[in-house]
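> let's see this in three dimensions:
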Amino acid sequence: MTVNYVQRRFLTLVITLLFSISTQLLAADAGRVENFTLADYKGEKHALSDYKEAKAIVLMFIATRCPVSNAYNERMAALYEDYTQKGVAFVGINSNKTESVDEVKKHAAENGLLFPILKDENNVIADKLEASVTPEIYVLDTNFNVLYHGSIDDSRRPDQVKSNSLKKALDEILASEQVSEKETKAFGCTIKKV
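Numbers count the residues shown, from 1 in each chain. Here you go, the predicted structure:
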């Protein structure tokens, strides 16, 4: 009889522990980004809260030297042009320790990247969001909840794209629909962290 009591208590403890862990994982999956402030390559400070009036906020971790990120320069510029007119805010973030502010500025000018690109010194924001590659995308609502996280699309080569996951997510958000694919696998160059 004592063994059954001990087994039941142990089983209850295990179930309680598993429930607690799964609840925490669900909360982590829901994801909310804390407000932050970073300077762009001109030295102007931008807070995430500056974009609260947007219908969605697209955070794009990008790089100047990564060939994968660079393969997306034209697509990022086109997305910015198409969706800012629809009320979507775009913010680039460069977290690479090996890429200077001057390099970020030159890269933006040479590639027609008109959205603000913020320098994440010491990769603080990349670490908080667990961003690991460039390009890597986070789409937030006005309360900074993550609605989509992942890639821009499914191929570095534009002629091989089969799924435009970021565009699809933005179109669903603008139509006041749930994002049907909340996460895709981001791929690219590893962010060079301190």
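
> any weak-confidence spans in the protein?
Scanning the chain for pLDDT under 70 picks out the ranges 1-30.

> walk me through the domains of it.
When the chain is parsed with automatic domain parsing, its domains come out as 1-30, 33-190.

> could you dump these to JSON lines with mean neighbour count?
For glycine as for every other residue, the C-beta is placed from the backbone atoms N, C-alpha and C. Formatted as JSON lines, the domains of the chain follow (neighbours: other C-beta atoms under 10 Å):
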{"stretch": "domain 1-30", "mean neighbour count": "10"}
{"stretch": "domain 33-190", "mean neighbour count": "17"}
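
> so the residue sitting nearest the centre point of the chain: helix, strand or coil?
For the chain, Y138 is the residue whose C-alpha lies nearest the centre (C-alpha atoms, centre = their mean; 2.3 Å). Y138 falls in the strand class when you classify it by DSSP: H, G, I helix; E, B strand; the rest coil.

> confirm that N122 sits in a helix.
Yes. Assessed with three-state DSSP, N122 lies in a helix.

> show me the contacts for the closest residue to it other than its chain neighbours.
Distance criterion C-beta to C-beta, 6 or more residues apart in numbering; nearest residue to N122, sequence neighbours excluded, is V194 at 5.2 Å. Residues near V194 by C-beta atoms under 8 Å, 6 or more residues apart in numbering: 97, 122-123.

> also Y80?
Under the criterion of C-beta under 8 Å, 6+ apart, the neighbours of Y80 are 90, 113-115.

> any chance of those residues in TSV, plus distance to A39 and secondary structure?
Formatted as TSV, those follow (distance: C-beta to C-beta, whole Å; DSSP: H, G, I helix; E, B strand; the rest coil):
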residue	distance to A39	secondary structure
F90	17	strand
L113	17	coil
L114	18	coil
F115	15	coil
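
> just to revisit the earlier point, ok, the residue nearest to the centre of the chain - contacts?
33, 58-59, 129, 131, 146, 148-149.

> please flag which of those sit within strands.
In strands, defined here by DSSP state E, the members of these are 58-59, 146, 148-149.

> would a markdown table of those residues with distance to L38 be doable?
Shown next, in a markdown table, are those (distance: C-beta to C-beta, whole Å):
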| residue | distance to L38 |
| --- | --- |
| V58 | 15 |
| L59 | 11 |
| V146 | 18 |
| Y148 | 21 |
| H149 | 19 |
